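K.L.:
Dropping a prediction and its sequence here:
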Amino acid sequence: MIRVLFVCLGNICRSPMAEAVFRHEVERQGLADKIEVDSAGTGDWHIGNAPHEGTRNLLDEKKISYDGMKARQVIGEDLSEFDYIIAMDADNLGNLRRMAGYEKTGSIGRLLDFVPDSKVADVPDPYFTGNFDEVYDMVQVGCKNLLDTIIKEKLT
């Protein structure tokens, strides 16, 4: 089983959006028995909360399920148990790398690393900007390219 963890700050906007979008595509391609998806935050402010209303509204509009998703915080074991640990921005990437230290971890990177023609490196936080549509567009392309990479690297 290939395990993918999406990470943002509070785990209520970007990372649950990426988890839902990625899971939707994994299921659409018939790979749910090969790829497990989760999300978490580096902060602890929203533990136990459902995704943000803006994320829920957008996912509802796109008919993408987020059933049962609740915010949680990244724990040390996540860094060794997930094959791909995908941060939404440089701050969370740095936090993950500090947490990992010199321990063996899965591949840690940013979602937009998988979008070579992206004009930005970080997915902006719609909690502050309110720009959920723009974030969804970035997440959708990043998730598609990440899944293509995983299929190429691990499933062929």
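P.N.:
Cool, got the structure.
K.L.:
Return the distance of the one helix or strand residue 40 maps to from the chain's centre.
P.N.:
When elements are assigned from DSSP states H and E, residue 40 belongs to strand 35-41. Centroid displacement of strand 35-41 relative to its chain, using CA atoms, centre = their mean, to the nearest Å, is 7 Å.
K.L.:
Can you spell out which helices and strands pack onto that strand?
P.N.:
strand 2-8, helix 14-28 (3 or more CB pairs under 8 Å, 6 or more residues apart in numbering; DSSP states H and E). Just so you know, the C-beta spots here come from the backbone N, C-alpha and C atoms, and that holds for glycine as well.
K.L.:
Identify all contacting residues around it.
P.N.:
Contacts to strand 35-41, defined as CB atoms under 8 Å, 6 or more residues apart in numbering, come from residues 1-12, 15-16, 18-19, 22-23, 26, 69, 71-75, 78, 82, 147, 150.
K.L.:
In PyMOL, how would I select the buried members of these?
P.N.:
Remark: buried members of the contacts of strand 35-41, expressed as a PyMOL selection using 16 or more other CB atoms under 10 Å:
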select buried, resi 2+4+5+6+7+8+9+10+11+12+15+16+18+19+22+23+26+69+71+72+73+74+78+82+147+150
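K.L.:
My guess is residue 121 contacts residue 114. True?
P.N.:
No. Between residue 121 and residue 114 there is no contact under CB atoms under 8 Å: 11.5 Å.
K.L.:
neighbour-wise, which of these two wins?
P.N.:
residue 114 (20 against 13; other CB atoms under 10 Å).
K.L.:
The most centrally placed residue in the chain pairs with what?
P.N.:
The chain has residue 6 as the residue nearest its centroid, 2.5 Å off, counting by CA atoms, centre = their mean. Counting by DSSP bridges, residue 6 is bridged to residue 39, residue 86.
K.L.:
biggest helix in this structure by residues?
P.N.:
helix 132-154 (DSSP state H).
K.L.:
Please point out which parts of that helix sit buried.
P.N.:
132, 135-136, 138-143, 145-147, 150.
K.L.:
and it, how far out from the chain's middle?
P.N.:
9 Å.
K.L.:
got it, and stretch 149-156?
P.N.:
Worked out by CA atoms, centre = their mean, stretch 149-156 lies 18 Å from the chain centre.
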